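**Student:** Sequence below, structure please.
(one chain, ligands or ions: 3)
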Amino acid sequence: MCHSRCRVAVHSENGHLVTIEEDRSDPRVDSIFPPTRACLRLRGAKEWMYHPNRVNFPLRRAGEKGEGKWERISWEQALGEIAQRLSEIKQRYGAESLVSTIGTGRTRTEYQARFLNLFGTPNIMGQAKICFTPQIQSCALMFGRAHRHRMNLTLEKGASGEPFTKCVLLVGINPRESTLRLWKSVLNGKKIGVKIIVLDPRRTPAAELADIWLQLRPGTDTALLMSMINVVIEEGLYDKEFVEKWCYGFDKLAERAKEYPPERVAEITWVPADKIREAARMYANNRPATSVHGMGSEHLQNCIEAILARLSLASITGNIDILGGNILAESPVDPEKLSGMDMKPDTWNKALGDFPLLNLAHPIASHAGWRAVLTEEPYPVKAVLVHGCNTIVPHENARSHVYQAIMKLDFISVMDQFMTPTAELADIVMPNNTPFERDEIHCVPFKAFAQPFVLAAPRVIDSLWESRSDAEVFIDLCHRLGLDYGANTVTELLDNILLESAVGMSFEEFKERGWYSLPLSWRKYEQGLLAADGALGFNTRSHGIELYSKYLEELGLDPMPVPREPPESPVSSPELAKSYPLVLTTGLRSPVFFHSQYRQLGWLREIHPEPVVRIHPATASKFGIKDGDWVFIESPRGRCQQRAMLTIGIDPRVIMAEHGWWFPEKPAPEHGVWDSNINLLTDSEPPHDPGLGSSPVRSLLCRIYKAGEE
Ligand SMILES: Nc1nc2c(c(=O)[nH]1)N[C@H]1C(S)=C(S)[C@@H](COP(=O)(O)OP(=O)(O)OC[C@H]3O[C@@H](n4cnc5c(=O)[nH]c(N)nc54)[C@H](O)[C@@H]3O)O[C@H]1N2
Ligand SMILES: Nc1nc2c(c(=O)[nH]1)N[C@H]1C(S)=C(S)[C@@H](COP(=O)(O)OP(=O)(O)OC[C@H]3O[C@@H](n4cnc5c(=O)[nH]c(N)nc54)[C@H](O)[C@@H]3O)O[C@H]1N2
Ligand SMILES: [Mo]
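**Tutor:** Numbers count the residues shown, from 1 in each chain. Ligands and ions are numbered 1, 2, ... in the order given. Prediction:
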């Protein structure tokens, strides 16, 4: 019910799902995938599957677009019509005039990419630009390979009785809500004396546990991390031998870091200088240290810098690819086999948006796709296939950009389990089954973001009503369009992928085994296991860790992290700040929701019934707001309402609002999507991260007032 890939056991009886529980069946796997207790979302699984409002049959729009009138049709009609519309549009405008949206990974992304490749369009569109792709690409730039924290392993006691990892740096991540397995490891680590440093503007559960909590101003992560680098270098706390042998560009980085002494950075970030020093010393003196970041530092227009700064800090302290540090990842499955990513260069050259670091394996930026619909530049986009994305909720500038674009399209189909406000705007809606009703394997489909394991997730019951999986739809569409998908059934597809991978068995066999993992290894750079040519070192141009990126330099981008103010902030736009005096950050994860999902499940909704905006009591009293009041939050682009929660856990100059809100119980077709949707306030326009197209949804300006008093 999310993309965490937790390990649980699911039971059925007579074709009905009955229980979901901790999986204790195979102790051999426990150190690789510790069994997880069913999370709150999983406790809503039965209600989700058997919900009376699930979309059970294909539907065709019967009235005007967005009017909410539908007629039931057969799958034959639905897929026949989609195939026909797509061929017409391809003939008239070219294959690239088809765009497909993906949401965050839900195991189907790769099947969609394969279809689009075959159809001839490079335009798979999503939020990857602000979700993990910045991390994937930063790692690729510095190491030529992704790193993954393996804290479940490294926070356990080693043979000597000591934990492998001595210090954990958490940058803009709130694992208790978003990443349960990591949270479990952090709790374990705390018990055995691992030092914890947290960078977060909010007093999160992790900040509560932390030895040092750095409460920074949103959007200033790069400055803070550069200052930690400054201290580590100035005080000689870095790993000289490792730097000399394996890092490229240290002197240049040192020179840049000199510009960010703690006293100067204290003014930028609001974090006292002595705390910055203390954190830098704690991180450097407790080795091995591992670090991880979340969306706090990716949802920024300068996200690549923040991540490069974190990775630079990890590199100069010698914490790369060692047990207890940041381990470089490998994947048992060739991701190109999974997605069929053998796109022709002339197709790829047509990809929308000019962001050189969103490469082949990654989707185009959502705003680039929607802009092409609205402006028909650089070419017209006429059709959109929506799979796994409630687009008018998670995408920036939801109404004047995304909604307007959808209304202008010649054709849009949506596949979902529910009639979301996005599905309500479709020409054709297809009923999607849930993961309990389909055969799947779970692995991470991107080369630079590999995880060493594959999990089997066989179906527990047959698909309910007429629902189908996304993979089935893409295989069928290929047949109708005369394209060779490479498999006629989902089982055949999974067999092909598994047999060609290190797993080496059919899905039938694999599902009995349940999992496969490569053994972990470290210090691969000393063994010639990373560079493509087998040389010692890393898979980069210099064969070193590129603290100074030759590739960024070639692209005309800054080769090293440089702190840049968010485009909208009290510092960069003081005039605007006079009427929008508060810093707004958006998107805290809720344990009962996955983005815009599950709000129709009473079982979960009772726990989190309404959208909440966190406000400091001093700020609230200044604006005449009491705890529990509905307040308008307004930016220069729009406004929405959320309920005030007063907390001293944030700075009085900052407020934090939730994303993902619509109200399935409010009348169709809008379902209240314009009431509390924070993406009415975010911006789809430049400046974006020049390499990735990222937008600053964590750092904007806003004002607030009590609803009814505007
Ligand atoms: N239950 C649940 N789990 C999820 C999801 C979900 O919707 N529900 N979504 C999944 C997805 S797709 C993602 S991407 C992950 C995200 O996982 P996280 O990154 O943990 O997500 P958030 O809680 O949104 O943000 C993390 C922290 O960033 C802080 N923050 C805000 N602004 C800034 C800033 O400028 N700098 C820094 N350093 N911190 C800042 C916030 O206070 C928050 O505590 O969660 C995944 N897990
Ligand atoms: N302001 C702001 N905006 C944000 C964020 C933020 O923090 N702040 N977070 C961003 C991030 S990190 C992310 S990842 C995105 C998330 O954005 P999305 O992943 O697009 O999330 P949802 O809007 O929940 O859309 C998912 C839809 O897919 C449906 N669905 C679930 N499983 C399947 C499936 O297997 N197949 C199909 N066809 N449909 C399925 C669900 O019912 C739901 O309607 O949002 C981004 N937007
Ligand atoms: Mo995400």
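**Student:** only C-alpha atoms for contact and neighbour calcs from this point on.
**Tutor:** Noted.
**Student:** Give me every residue in the stretch 201-350 of the chain lying close to ligand 1.
**Tutor:** Residues of the stretch 201-350 of the chain found near ligand 1 (C-alpha under 6 Å from any ligand atom) are 201-202, 204, 218-219, 221, 294-297.
**Student:** Just the ones of the residues you listed in helices?
**Tutor:** residue 221 (DSSP state H).
**Student:** Among the residues of the stretch 201-350 of the chain next to ligand 1, the buried ones, what's the PyMOL command?
**Tutor:** Buried subset of these, written as a PyMOL selection, criterion 16 or more other C-alpha atoms under 10 Å:
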select buried, resi 201+202+204+218+219+221+294+295+296+297
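**Student:** residue ranges with poor pLDDT in the chain?
**Tutor:** Confidence mapping of the chain against pLDDT under 70 gives the ranges 32, 106-109, 145-162, 334-345, 359-362, 444-451, 709-710.
**Student:** Around ligand 2, which positions in it sit nearby?
**Tutor:** So far as C-alpha under 6 Å from any ligand atom goes, the chain lies against ligand 2 at 103-104, 106, 127, 131, 387-391, 393-395, 415-418, 420, 432, 470, 586-587, 594-597, 659, 678-679, 697.
**Student:** repeat that for 5 Å
**Tutor:** Listed as neighbours of ligand 2 in the chain under the rule C-alpha under 5 Å from any ligand atom: 103-104, 131, 387-390, 394, 415-416, 586-587, 595-597.
**Student:** Looking at the residues of the stretch 201-350 of the chain next to ligand 1, which are in strands?
**Tutor:** Residues of those located in strands (DSSP state E): none.
**Student:** Can you identify each of the strands in the stretch 1-150 of the chain by residue range?
**Tutor:** Ranges of strands in the stretch 1-150 of the chain, per DSSP state E, counting those that start in this stretch, are 8-13, 16-22, 59-61, 70-72, 98-102, 124-126, 147-148.
**Student:** Looking at the residues of the chain next to ligand 2, spot the one nearest residue 629.
**Tutor:** Of all the residues of the chain next to ligand 2, residue 629 sits closest to residue 586, with 18.7 Å by C-alpha to C-alpha.
**Student:** Let me know whether that closest one touches residue 654 as I believe.
**Tutor:** No: look at residue 586 against residue 654 with C-alpha atoms under 8 Å: they stay out of range, at 10.7 Å.
**Student:** Grab the most central residue of the chain for me.
**Tutor:** Centroid-nearest residue in the chain: residue 131, 3.1 Å away (criterion: C-alpha atoms, centre = their mean).
**Student:** ok, now which ones touch that one?
**Tutor:** Contact partners of residue 131, counting by C-alpha atoms under 8 Å, 6 or more residues apart in numbering, are 295, 298-299.
**Student:** before we move on, the earlier item: and the residues of the chain next to ligand 2, which two are furthest apart?
**Tutor:** The two members of the residues of the chain next to ligand 2 with the most space between them (C-alpha to C-alpha) are 415 and 586, at 26.9 Å.
**Student:** for ligand 1, what are the nearby residues on the stretch 601-710 of the chain?
**Tutor:** Contact residues (C-alpha under 5 Å from any ligand atom) of the stretch 601-710 of the chain with ligand 1: residue 698.
**Student:** where exactly do the helices run in the stretch 601-710 of the chain?
**Tutor:** 602-605, 617-622 (DSSP state H, counting those that start in this stretch).
**Student:** buried set for the last one?
**Tutor:** I take that to be helix 617-622. Neighbour-count burial for helix 617-622, with 16+ other C-alpha under 10 Å as criterion, is recorded at 617-620.
**Student:** Equivalent analysis for the shortest one, please.
**Tutor:** Taking 16+ other C-alpha under 10 Å as the neighbour-count basis, helix 602-605 is seen to contain the buried residues 603-604.
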